[in-house]
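Undergrad: next input, structure requested:
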Amino acid sequence: MPAPALVRAPLSRGAHPAARHSQDWRSHAACIGLPDRAVFAREPEAARPALRACGICPVRRACLEAVAPRTSWFDGVSGGRLWRNGQEVPVPAPARSRAGRLQEQS
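TA: Numbering: from 1, shown residues only. This next block holds a predicted model:
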């Protein structure tokens, strides 16, 4: 019987139980559990969940070193930055909702 595939666990639960004892840096990544469409996004809005995860990620440096986005022409989020074709993509601050702006004005 083949070994079960490592499934990404939800971000709020941390690493998958089978991966908690692994020495592999990927098992400690905060993006475990995020959909591939966020981690490998090409557009800033789609990448926001992965970029938020990078903000609390304990292995951000290892991720950036392993992926080496500039030399691998990577598309997606690595090391807290969004990359497209090996180039860093500027990510504008998220727009605040109209309701949030109205509350600040009161």
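Undergrad: now the helices for the chain?
TA: 36-39, 44-54, 60-67, 69-72, 98-105 (DSSP state H).
Undergrad: quick one: which of those helices is nearest Ala29?
TA: Judged by Cβ to Cβ, the one of the helices of the chain that comes nearest to Ala29 is helix 60-67, at 6.4 Å. The way it works is simple: take the backbone N, C-alpha and C, and place the C-beta from them, glycine included.
Undergrad: list the helices and strands the closest one packs on?
TA: Other elements packing on helix 60-67 under the criterion 3 or more Cβ pairs under 8 Å, 6 or more residues apart in numbering; DSSP states H and E are strand 76-78.
Undergrad: now do the strand it packs on, average pLDDT.
TA: Throughout strand 76-78, pLDDT has a mean value of 96.
Undergrad: now do the same end-to-end measure for stretch 61-78.
TA: 9 Å (Cα to Cα, to the nearest Å).
Undergrad: any buried residues in it, and which?
TA: Within stretch 61-78, the residues that count as buried by 16 or more other Cβ atoms under 10 Å are Ala62, Cys63, Leu64, Val67, Pro69, Phe74, Asp75, Gly76, Val77, Ser78.
Undergrad: redo the helices of the chain as CSV? Include mean pLDDT and distance to Pro90.
TA: CSV is the format used below for those (pLDDT from 0 to 100; distance: least, Cβ to Cβ, whole Å):
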stretch, mean pLDDT, distance to Pro90
helix 36-39, 96, 18
helix 44-54, 95, 8
helix 60-67, 94, 17
helix 69-72, 93, 15
helix 98-105, 50, 23
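Undergrad: okay, those in JSON lines with distance to Trp25 next?
TA: What follows is the helices of the chain, written out as JSON lines (distance: least, Cβ to Cβ, whole Å):
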{"stretch": "helix 36-39", "distance to Trp25": "15"}
{"stretch": "helix 44-54", "distance to Trp25": "14"}
{"stretch": "helix 60-67", "distance to Trp25": "4"}
{"stretch": "helix 69-72", "distance to Trp25": "16"}
{"stretch": "helix 98-105", "distance to Trp25": "36"}
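Undergrad: of the ones you listed, which is nearest Arg26?
TA: helix 60-67 (7.9 Å).
Undergrad: cool, thanks, talk later.
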